[in-house]
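Chemist: Let's see this in three dimensions:
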Amino acid sequence: MNFKLHLVLALFSLFTAHNALFASASDAPNILIFVGDDMTYRDCGPYGNADMVTPNIDRFASQGMCFDSMYTSTAMCVPTRAQLWSGMYPIRGGCYPNHSQLYDEAKPLSLHLKELGYRVGAMGKKGSNPTPLYEFDWTSGMLKPETIEEARQFIQADTDQPYMLWVGSNQPHTPYNTGDRSLYPADEIAVPPYMADTPETRAELVKYYAEISELDREFGLFLKFVEDSGKADNTIVIFTSEQGSSIPFGGKWSCYENGLKTAWIMRWPGKIKPGTRVSVQTQYVDFAPTMIEIAGGDPTKASAGVPDADGKLAMDGKSFLSVMTGETKRLRDYVFGCHTTIGVAGATKEGYGIRSVSDGKYKLIVNLQHENAFSCANAQPDDQPLKSWREADDAWANQRAASYINRPHREFYNIRADPYELENLVQKKKHRKRIAKLQTVLDEWMRQQGDLGAQTELEGQYRLQRYIRSQNES
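Modeler: Below you'll find the predicted structure:
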């Protein structure tokens, strides 16, 4: 067989692989992902908070599929978003302290999609220092009227080329200074059962909930842009809440369910059955390979750019396209979590590393540096509402405040029976084998990720310094 024939066959093979799902590149679906900021997954209508005024999210859920077991693996903004872009867990990807960045060798989703014929745009909070590594076709800062108008133009551009647009809102991240607080009378809202009911807690929730309603308003704008584009039937839209809020036990800076579990709703007309829910365990690292498969690529051959401890370049994530279409009922046996306090405002330099693993029913949390007091921005002596819990004439409120700061080496929860993780079962003899099994699984995951535990925590300062240097150089 001569060289020219070899070349023709190779090009034909590439073309047919790319168009396995679609007749042509122009038939590939557009992708819009809208990312909230520090929103506990429970705090919207579709995920059970009856107090919330989120009409756009509610309506969107009725048109699409709610994932009830989608997890980020770290409850901090930058490392969480880096997982979506890279398909890698934080420590392997290098972006594990907050305000750090992926290794330079990483190959983000933006590049994979561009190779598959997409134009890629990003606006608002993008995460992981969007350097030239991402090669966006269009990018802008925070969601302001002028940048939102540019995003509308990007969505509605007169072109047959499919797009992916990332929209990173700043709501409901602190400071809580937007939204209509009159929607949430402090004496009428229900305080979540994992928080102490004090006036200070209620006041904080009112401000936080108002920002979620503002997030809902922003999301509604982008749904309208998609509808007006005339291409809504061929556009995948995703809403995700990111990690939990910074209110104590709201989830941020932890490996609790409120921190790692995220609201994830997808709409794809004709492909996803409206008004459905799935409980299949999925993680943020699964997003990139899923989008690659949807775009016509092979996610099993997509390089993450950074090798794992075994030298493999494949992404940590798995495509969940078959979950979206209802063909698959199981994707992962375990979901993993990690947290690094290095780089967190208000955290001590000694660090407080956390790791976790869950099989969907039971979860093991390991506090690597439990001898230290947990520290972060909302754990300071005068910070409300934690101070109000500590000073309340209520033993349970006092206990919640204390348990936020001082934690045991290991925590073990039945998250089905105890979804708020209020009862640590680690000392129960009947769970010893389960705990040992989960510890073995966690240890192997850490090894594969190149995670050395407390040593990796302290080395996080170098990843943070690398980011600071890159910012100064840019």
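Chemist: and Met142, how many neighbours does it have?
Modeler: 12 (other CB atoms under 10 Å). From N, CA and C alone the C-beta is placed, and that goes for glycine too.
Chemist: Report the separation between it and Thr40.
Modeler: According to CB to CB, to the nearest Å, Met142 and Thr40 sit 22 Å apart.
Chemist: With Ser356 instead?
Modeler: Counting by CB to CB - Ser356 and Thr40 are separated by 17 Å.
Chemist: what's the answer for Ala379, then?
Modeler: Taking CB to CB, one finds Ala379 at 17 Å from Thr40.
Chemist: Tell me which of the two has more neighbours.
Modeler: Using other CB under 10 Å as the criterion, Ala379 and Thr40 rank with Thr40 on top: 32 against 18.
Chemist: Show the backbone phi and psi for that one.
Modeler: phi -60, psi 130 (degrees, to the nearest 10).
Chemist: Can you give me every residue that contacts it?
Modeler: By CB atoms under 8 Å, 6 or more residues apart in numbering, the contact set of Thr40 is Ser241, Gly244, Ser245, Gly250, Gly251, Asn258.
Chemist: Tyr256 now?
Modeler: Residues near Tyr256 by CB under 8 Å, 6+ apart: Gly244, Phe249, Ile365, Glu421.
Chemist: three-state assignment of the last one?
Modeler: In other words, Glu421. Under DSSP: H, G, I helix; E, B strand; the rest coil, the three-state class of Glu421 is coil.
Chemist: before we move on, what about the second one?
Modeler: Taken by three-state DSSP, the conformation at Phe249 corresponds to coil.
Chemist: That one touches Gln399, doesn't it?
Modeler: No - look at Phe249 against Gln399 with CB atoms under 8 Å: they stay out of range, at 12.0 Å.
Chemist: what ranges do the strands span in the stretch 301-450 of the chain?
Modeler: Secondary structure of the stretch 301-450 of the chain by DSSP state E, counting those that start in this stretch: the strands cover 335-339, 354-358, 362-367, 410-414.
Chemist: Just the CA trace of the second one, in PDB.
Modeler: Spelled out, it's strand 354-358. The C-alpha coordinates for strand 354-358 follow below in PDB (Å, rounded to 0.1, in the frame of the first residue of the first chain):
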ATOM      1  CA  ILE A 354      -8.600  16.600  54.500                       C
ATOM      2  CA  ARG A 355      -9.200  13.600  52.200                       C
ATOM      3  CA  SER A 356     -12.500  11.700  51.700                       C
ATOM      4  CA  VAL A 357     -14.000   8.700  49.900                       C
ATOM      5  CA  SER A 358     -17.600   7.700  49.500                       C
END
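Chemist: now that strand and strand 362-367, what's the angle there?
Modeler: Here strand 354-358 runs at an angle of 170 degrees relative to strand 362-367 (axes from the mean of the first three to the mean of the last three CA atoms, to 10 degrees).
Chemist: Strand 354-358 packs against which elements?
Modeler: Secondary-structure packing of strand 354-358 (3 or more CB pairs under 8 Å, 6 or more residues apart in numbering; DSSP states H and E): strand 335-339, strand 362-367, helix 432-449.
Chemist: go on, the third one?
Modeler: Strand 362-367 is packed against strand 354-358, strand 410-414, helix 432-449, with contacts defined by 3+ CB pairs under 8 Å, 6+ apart.
Chemist: and for the second one, what are the contacting residues?
Modeler: In this structure, residues lying in contact with strand 410-414 by CB under 8 Å, 6+ apart are 361-367, 421, 423-426, 428, 431, 434-435, 438.
Chemist: Next, the buried residues of stretch 182-200.
Modeler: In terms of neighbour count (16 or more other CB atoms under 10 Å), stretch 182-200 has its buried residues at Tyr184, Ile189, Pro192, Tyr194, Met195, Ala196, Asp197, Thr198, Glu200.
Chemist: Tell me the spacing between the last one and Phe249.
Modeler: Meaning Glu200. 14 Å.
Chemist: since we're on the nearest residue to Val426 once chain neighbours are set aside, how many residues are nearby?
Modeler: Leaving aside its sequence neighbours, Val426 sits nearest to Phe412 (CB to CB, 6 or more residues apart in numbering; 4.1 Å). Phe412 has 23 neighbours, counted by other CB under 10 Å.
Chemist: beta partners for Phe412?
Modeler: Leu364 (DSSP bridges).
Chemist: Could you check which helix or strand contains Ile31?
Modeler: In this assignment (DSSP states H and E), Ile31 forms part of strand 30-35.
Chemist: ok, which stretches of the stretch 1-150 of the chain are helices?
Modeler: Assignment of helices within the stretch 1-150 of the chain using DSSP state H, counting those that start in this stretch yields the ranges 3-18, 55-63, 77-86, 90-93, 109-115, 145-155.
Chemist: export those helices to CSV and tack on distance to Ala454, mean neighbour count and mean pLDDT?
Modeler: Formatted as CSV, these follow (distance: least, CB to CB, whole Å; neighbours: other CB atoms under 10 Å; pLDDT from 0 to 100):
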stretch, distance to Ala454, mean neighbour count, mean pLDDT
helix 3-18, 45, 10, 38
helix 55-63, 40, 18, 98
helix 77-86, 18, 27, 95
helix 90-93, 13, 27, 96
helix 109-115, 32, 21, 97
helix 145-155, 42, 15, 95
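Chemist: okay, those helices in TSV with distance to Leu133 next?
Modeler: Shown next, in TSV, are those (distance: least, CB to CB, whole Å):
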stretch	distance to Leu133
helix 3-18	23
helix 55-63	31
helix 77-86	9
helix 90-93	12
helix 109-115	8
helix 145-155	20
